[in-house]
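Colleague: need coordinates for the following:
(one chain, ligands or ions: 1)
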Amino acid sequence: MTSQTASQAPRDLIDAALAARDKAYAPYSKFHVGAALRTENGQIIAGCNVENAAYPEGVCAEAGAISAMVLSGETRFDEIVVVGLGDVACTPCGGCRQKIREFTESDATIYIINDAGKTLLTLSREELIPHSFGPENLK
Ligand code: THU
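Modeller: Down below sits the predicted model:
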């Protein structure tokens with residue numbers, strides 16, 4: 001389901017993503033991003049972007065949340081909320097789409113919200129990264 005009929009992101013994930021965004025380390029781009037996912041076991045795990053003076057070494061918010069999820073012992077999540085700046089939807093970059101792909105089913109939900117908590121875009125993972133390459137391709 002896409003933008004005009006966007007179903008609303010869940011409040012608990014909105015709050016976790018906004019809190020994570022407040023912790024972003026983004027002195028170079030000044031573009032603060034937060035992400036919060038819900039694992040298949042119901043844990044909420046968040047991440048923020050962490051930049052670096054060596055610009056390409058920065059890490060996206062989604063990537064941070066996914067790494068923390070794996071560290072916590074989980075490898076599946078059903079939904080993720082991403083928040084960037086203003087009303088232009090902060091859609092995950094290509095690399096993050098692939099990282100999301102690794103740990104979700106095709107019907108997982110990706111919500112993009114604004115920094116006031118309003119849902120801007122709601123996508124299935126299949127919409128986010130169609131015809132994706134995944135673990136099954138290696139079998
Ligand atoms: N960024 C994210 O953390 N997630 C996204 O979905 C898009 C971009 C970060 C990377 C960089 O620190 C800043 O936003 C500007 O590109």
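
Colleague: okay, now the unreliable bits of this structure?
Modeller: Residues of the chain meeting the criterion pLDDT under 70: 1-6.

Colleague: which residues in it form strands?
Modeller: Secondary structure of the chain (DSSP state E): strands at 34-39, 44-48, 77-83, 109-113, 119-124.

Colleague: nearest to the ligand, out of the ones you listed?
Modeller: strand 77-83 (5.6 Å; Cβ to the nearest ligand atom). Heads up, the C-betas are built off the backbone N, CA and C, glycines and all.

Colleague: sheet partners, orientation included, of that closest one?
Modeller: According to DSSP bridges, strand 77-83 has the following sheet partners: strand 34-39 (antiparallel), strand 109-113 (parallel).

Colleague: near the ligand, which residues of this protein show up?
Modeller: For the chain, the residues in contact with the ligand (Cβ under 6 Å from any ligand atom) are 26, 29, 31, 33, 49, 51, 58, 60-62, 82, 90, 92-93, 96.

Colleague: related to what we said a few turns ago, turn the strands paired with strand 77-83 into a markdown table, including mean neighbour count.
Modeller: Converted to a markdown table, these look like this (neighbours: other Cβ atoms under 10 Å):
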| stretch | mean neighbour count |
| --- | --- |
| strand 34-39 | 27 |
| strand 109-113 | 24 |
